[in-house]
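> One predicted model, sequence on top.
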Amino acid sequence: MLTQLYIMVKQNLITLLLFLLFSNGSPFCPIPQQRSAASSAVSLRATNSRRDFLDAILVASAVTLGAPKSADAAEITDKIFVEIKTPAGEPERIVIGLFGKEAPGATQQLKQLVSTGLQADCKPLEKRTLQKEQLEANKVYNNCKENEDKGVNYEYATVWRIVKDERIDFGAVSGKFISRLNPTWEDTNSLANDSPGIVSVQKGNTSGFGFTIYPGKGDASYLNENHIVVGKVLEGMDVIEKINQIPVITSAKGVNYMGLTGGPAVKSAPSRGCFYGGPMYCNENK
């Protein structure tokens, strides 16, 4: 219903703009006649005024039609659930309603990730300088190729980033899936991250297999620029709040974890996931 109304408003607005642009204020375009210099000056002022008015309408309509709209009225077409182990140790369930009409491709990918698995090819074999690292890279690549026919799912996936009150990022795959090529999230809509529990995915193929939940309270308007809203949390906002309160490392670059625990004063080696999975698997906001 909202989409139809949007199209009608847009069509009527375009008709009005064309009328103002190509007519002289009447529904017809009369044949030009000779006019005096005074009448020409009046006509020029009128034309300029009409053009100024037209420019103002164009700016206003661009702002209105391009503004994000609330996700509260979006239709829920499917439901999925994920189970999260919080620090208490017991798995707790989060039920998510998906907006299949607003983001059909992304919702289909999420349904596969929580069920049969999403098909994804292995990343190309990387060349490493050190022999030890190359042997490790070979091992990861060969293991991936042996299981390439199995779709990626959220088994052993983790919450990989928490920015309190602004975003919680779920679904960093691990183990045999870390060397798979990221999926591409291609949908687009104008739904906004404007209420607690909104679920979104980042456009493109740089964000991995995961999704983001807006916990509320903070300003998450920046997510509207490059995220696709795909659903909202129906059950489990209490679980989201527990996760939102978990302390995290806000800057882990150059931190000597071994030294902090009484070990030698050297930098810790990057984890295997950090090497092969990308930046989302390194210790930032964990």
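Structure's in. What do you need? Nothing here was measured: the structure is a model prediction, and the numbers come from that model. Numbers count the residues shown, from 1 in each chain.
> Show me which residues of stretch 129-142 are buried.
Applying a neighbour-count criterion of 16 or more other CB atoms under 10 Å, the buried positions in stretch 129-142 are 137, 140-141. Placement of C-beta: from N, CA and C, glycine included.
> In strands, which of those residues fall?
Secondary structure from DSSP state E places none of the buried residues of stretch 129-142 in strands.
> In helices, which of those fall?
137, 140-141 (DSSP state H).
> Nearest to residue 245 among those?
residue 140 (34.7 Å; CB to CB).
> Is it correct that that closest one is in contact with residue 177?
No: counting by CB atoms under 8 Å, residue 140 stays clear of residue 177, with 11.0 Å between them.
> low-scoring pLDDT stretches of the stretch 151-286 of the chain, where are they?
By pLDDT under 70, the low-scoring segments of the stretch 151-286 of the chain are 249-286.
> What segments of it are helices?
223-226, 237-244, 257-260, 272-277 (DSSP state H, counting those that start in this stretch).
> Tell me how far residue 77 lies from residue 188.
As for residue 77, its distance to residue 188 is 17 Å (criterion: CB to CB, to the nearest Å).
> which residues does residue 214 contact?
166-167, 193, 195-200, 220, 223 (CB atoms under 8 Å, 6 or more residues apart in numbering).
> An error on my part: the question was meant for residue 200.
Contacts of residue 200 by CB under 8 Å, 6+ apart are 193, 211-212, 214, 223, 227-230.
> Of all the residues in stretch 190-206, which ones are buried?
For stretch 190-206, by 16+ other CB under 10 Å, it's 191-194, 196-203.
> among the residues you listed, which are in strands?
Per DSSP E, the subset of the buried residues of stretch 190-206 in strands is 198-202.
> just to revisit the earlier point, out of residue 77 and residue 188, name the residue with the larger neighbour count.
Using other CB atoms under 10 Å as the criterion, residue 77 and residue 188 rank with residue 77 on top: 15 against 11.
> Spatially, what comes nearest to the more buried one if we skip its sequence neighbours?
Distance criterion CB to CB, 6 or more residues apart in numbering; nearest residue to residue 77, sequence neighbours excluded, is residue 100 at 3.2 Å.
> likewise residue 227?
Closest to residue 227 by CB to CB, 6+ apart is residue 200, at 4.0 Å.
> Which pair in the buried residues of stretch 190-206 has the greatest spatial separation?
196 and 203 (22.2 Å).
> who touches the nearest residue to residue 85 once chain neighbours are set aside in this structure?
Among residues not flanking residue 85 along the chain, residue 91 sits closest, at 5.3 Å (CB to CB, 6+ apart). By CB under 8 Å, 6+ apart, the contact list for residue 91 reads 83-85.
> what about the closest residue to residue 138 other than its chain neighbours, is that helix, strand or coil?
Spatial nearest neighbour of residue 138, chain neighbours left out: residue 125 (7.0 Å); criterion: CB to CB, 6+ apart. What DSSP: H, G, I helix; E, B strand; the rest coil gives for residue 125 is coil.
> thought residue 125 was touching residue 137?
Yes: in terms of CB under 8 Å, residue 125 counts as a neighbour of residue 137; the distance is 6.6 Å.
> Please produce JSON lines containing the buried residues of stretch 190-206, extended by distance to residue 148.
Output for the buried residues of stretch 190-206, formatted as JSON lines (distance: CB to CB, whole Å):
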{"residue": "191", "distance to residue 148": "34"}
{"residue": "192", "distance to residue 148": "38"}
{"residue": "193", "distance to residue 148": "35"}
{"residue": "194", "distance to residue 148": "40"}
{"residue": "196", "distance to residue 148": "39"}
{"residue": "197", "distance to residue 148": "35"}
{"residue": "198", "distance to residue 148": "34"}
{"residue": "199", "distance to residue 148": "28"}
{"residue": "200", "distance to residue 148": "29"}
{"residue": "201", "distance to residue 148": "23"}
{"residue": "202", "distance to residue 148": "24"}
{"residue": "203", "distance to residue 148": "26"}
